[in-house]
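*Asks:* Let me see the structure of the following:
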Amino acid sequence: MAHSLGIVGSGAIACGLARTAAEHHEVVVWARSERSAERAEENVDDARVVTDLAELAGCDLVVEAVAEDGEVKRDIYRRLGEVLPAEAVIATTTSSLSVADLAEASGRPDRFGALHVFNPVEKMKLVELSFPEAASEETRRALLDLCERLEKTGIEVPDSAGFVVNRLLFPYLFDAVRMLERNSIEPEAIDTCMKLGAGHPMGPLALLDFIGLDVAAAIGESIGEDVPERVRELIAEGKLGKKAGAGFYEYGER
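*Replies:* Numbering: from 1, shown residues only. Have a look, this model is predicted:
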């Protein structure tokens, strides 16, 4: 059982995880800069926010939630290796990078796993878990126990790009964009059809805006799915979705 949880990162996933975990753990959030730390402090009430990785030295479980970039993650693991005790477990929130490769980069493949939570973390019940072959039973149990304490359902999935959800979801989301490109139909019409006809809580185009079009494009590329031209055009215009105030929809004041 993890008594102190470290979270590396200060974005939406990291802060959502910190808010959720703070009910059950002492939580320490690491932010890359003072500015990032200030933003994190505005979004997380019950966790301690720091800018020095050494502050995570007392954590027995650390979740890495930085950019979906292998080089960035490997640099973080190198730095964590200098401050964490040998018995500490490291988890990554990736869903598109090889868990086996990241585990090797961590220097502790027996104490490494993927903990792919979904945004918004407070509401989404699923956690996709994936482990390298070297992961110990203790490591697997630690991440399953964390899911249970967070009142989430942890499902072990294969170490393949996109795991299960993104592998199945993004071809559907991008097909919705292609339908928009080919036909004289408004985004609201496509989204309403899928909400009322398929029982989806959110239409595909609104969901892409919520995810972030830059993030969606990166996931699409990582799983070998062609990214629609309309998505690339919106990214080039700075219309990244809800976080930028515009995407397939306009969101006004942020």
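*Asks:* quick one: contacts for the closest residue to F174 other than its chain neighbours?
*Replies:* Counting by C-beta to C-beta, 6 or more residues apart in numbering, F174 lies nearest to P228, which is 5.4 Å off, once chain neighbours are set aside. C-beta here means a position set from N, CA and C on the backbone, and glycine is covered the same way. Counting by C-beta atoms under 8 Å, 6 or more residues apart in numbering, P228 makes contact with F174, V177, R178, E181.
*Asks:* tell me the SS of the residue in the chain sticking out farthest from the centre?
*Replies:* Note on the chain: the largest C-alpha distance from the chain mean falls to S184, namely 33.8 Å (C-alpha atoms, centre = their mean). Taking DSSP: H, G, I helix; E, B strand; the rest coil as the rule, one finds S184 in the coil state.
*Asks:* which stretches of the stretch 151-254 of the chain form strands?
*Replies:* Counting by DSSP state E, counting those that start in this stretch, the segments of the stretch 151-254 of the chain that form strands are 153-156.
*Asks:* Would you map the helices across it?
*Replies:* For the stretch 151-254 of the chain, the helices identified by DSSP state H, counting those that start in this stretch occupy 165-182, 187-198, 204-211, 213-222, 229-236, in order along the chain.
*Asks:* The residue nearest to F174 and V66, how far apart?
*Replies:* Relative to V66, P228 is positioned 27 Å away (criterion: C-beta to C-beta, to the nearest Å).
*Asks:* Also P85?
*Replies:* Per C-beta to C-beta, P85 is found 21 Å from V66.
*Asks:* Going by how many neighbours each has, rank the two and give me the top one.
*Replies:* V66 (20 against 9; other C-beta atoms under 10 Å).
*Asks:* Contacts made by stretch 151-163 with the rest, please.
*Replies:* Contacting residues not belonging to stretch 151-163 are listed as 95-100, 114, 116-117, 125-132, 140, 143-144, 147-148, 164, 167-168, 170, 219, 222-224 [C-beta under 8 Å, 6+ apart].
*Asks:* Likewise for stretch 16-36?
*Replies:* Counting by C-beta under 8 Å, 6+ apart, residues outside stretch 16-36 touching it are 2-10, 14-15, 37, 39-40, 43-53, 55-56, 58-59, 63, 65-66, 93, 117, 119-122, 149-150.
*Asks:* Please look at L5 and C59 and confirm they touch.
*Replies:* Yes: with contacts counted by C-beta atoms under 8 Å, L5 reaches C59, the gap being 6.3 Å.
*Asks:* beta partners of the closest residue to V50 other than its chain neighbours?
*Replies:* Nearest non-adjacent residue to V50, counting by C-beta to C-beta, 6+ apart: W30, 5.6 Å away. With DSSP bridges as the criterion, W30 is bridged to V8, V50.
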